[in-house]
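Novice: Provided below are the primary sequence and the corresponding predicted coordinates.
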Amino acid sequence: MTCFTSSYSTIAFAATAALILSSLPAEAREGRVRARGENGVAAAGSHNGNSYVRARGKTTTEDGSTTAASGGAVRLNNGAAAARGSTTTVNPDGSAAHQGGFAAAGAKGTIDSSGAAVRNAHGTGSGSRTTNATGTTGNSYQGTTTYDTATGVTRQATCRDASGVEITCPTR
């Protein structure tokens, strides 16, 4: 269990470094740092008021399951920011589970998305992802895509104008 905790400690370190970097005055925001541990690596840096942090780690438990996790965040000097993270576990019987997500905000709007997928030992699986986005006009999109090896892909989407009235979603 110590290995399991260590990989998540690496990600916790990365998140803490991101908070520290974003709170420092601009003139102190120059440089890079990289830390390597038994189960992963973390890095952070900054230049011209832009800062980033990222980390990844991998561990194997006594039962043979392997879990890999990674995450990162960036903050730009124009106020835009983004972050992502994911975890994947593969078990000795071939079954696996993955979950991940991201979020970003900037001058053109905001977006966040998260999803998960699973595969059993026989190779069949399912997954889903939900995405929300809002543009500078206030129009928004909320969509969910699901997949199942038995039924295929299903997509549901709803778009709304700035006042919350449902509108037709744009096509590509």
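Specialist: All right, it came through fine. Residues are numbered from 1 along each chain as shown.
Novice: Tell me which helix or strand Gln156 sits in.
Specialist: For Gln156, the element it lies in under DSSP states H and E is strand 152-160.
Novice: List the contacts of that strand.
Specialist: For strand 152-160, contacts defined as CB atoms under 8 Å, 6 or more residues apart in numbering pick out 139-147, 166-170. Where you see a C-beta, it was placed from the backbone N, CA and C, and this is true even at glycine.
Novice: Quick one: the residues you listed as a markdown table, columns for distance to Ala105, secondary structure and neighbour count too.
Specialist: Output for the contacts of strand 152-160, formatted as a markdown table (distance: CB to CB, whole Å; DSSP: H, G, I helix; E, B strand; the rest coil; neighbours: other CB atoms under 10 Å):
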| residue | distance to Ala105 | secondary structure | neighbour count |
| --- | --- | --- | --- |
| Asn139 | 16 | coil | 16 |
| Ser140 | 14 | strand | 18 |
| Tyr141 | 15 | strand | 18 |
| Gln142 | 16 | strand | 15 |
| Gly143 | 18 | strand | 16 |
| Thr144 | 21 | strand | 15 |
| Thr145 | 22 | strand | 15 |
| Thr146 | 26 | strand | 16 |
| Tyr147 | 28 | strand | 16 |
| Glu166 | 24 | strand | 9 |
| Ile167 | 22 | strand | 12 |
| Thr168 | 25 | coil | 6 |
| Cys169 | 21 | coil | 13 |
| Pro170 | 21 | coil | 8 |
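Novice: Switch those over to JSON lines; also include distance to Thr67 and pLDDT.
Specialist: JSON lines is the format used below for the contacts of strand 152-160 (distance: CB to CB, whole Å; pLDDT from 0 to 100):
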{"residue": "Asn139", "distance to Thr67": "39", "pLDDT": "96"}
{"residue": "Ser140", "distance to Thr67": "34", "pLDDT": "97"}
{"residue": "Tyr141", "distance to Thr67": "32", "pLDDT": "97"}
{"residue": "Gln142", "distance to Thr67": "30", "pLDDT": "97"}
{"residue": "Gly143", "distance to Thr67": "29", "pLDDT": "97"}
{"residue": "Thr144", "distance to Thr67": "26", "pLDDT": "97"}
{"residue": "Thr145", "distance to Thr67": "25", "pLDDT": "97"}
{"residue": "Thr146", "distance to Thr67": "24", "pLDDT": "98"}
{"residue": "Tyr147", "distance to Thr67": "22", "pLDDT": "97"}
{"residue": "Glu166", "distance to Thr67": "41", "pLDDT": "97"}
{"residue": "Ile167", "distance to Thr67": "42", "pLDDT": "96"}
{"residue": "Thr168", "distance to Thr67": "42", "pLDDT": "95"}
{"residue": "Cys169", "distance to Thr67": "37", "pLDDT": "92"}
{"residue": "Pro170", "distance to Thr67": "39", "pLDDT": "85"}
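Novice: That's all I had, so thanks and see you.
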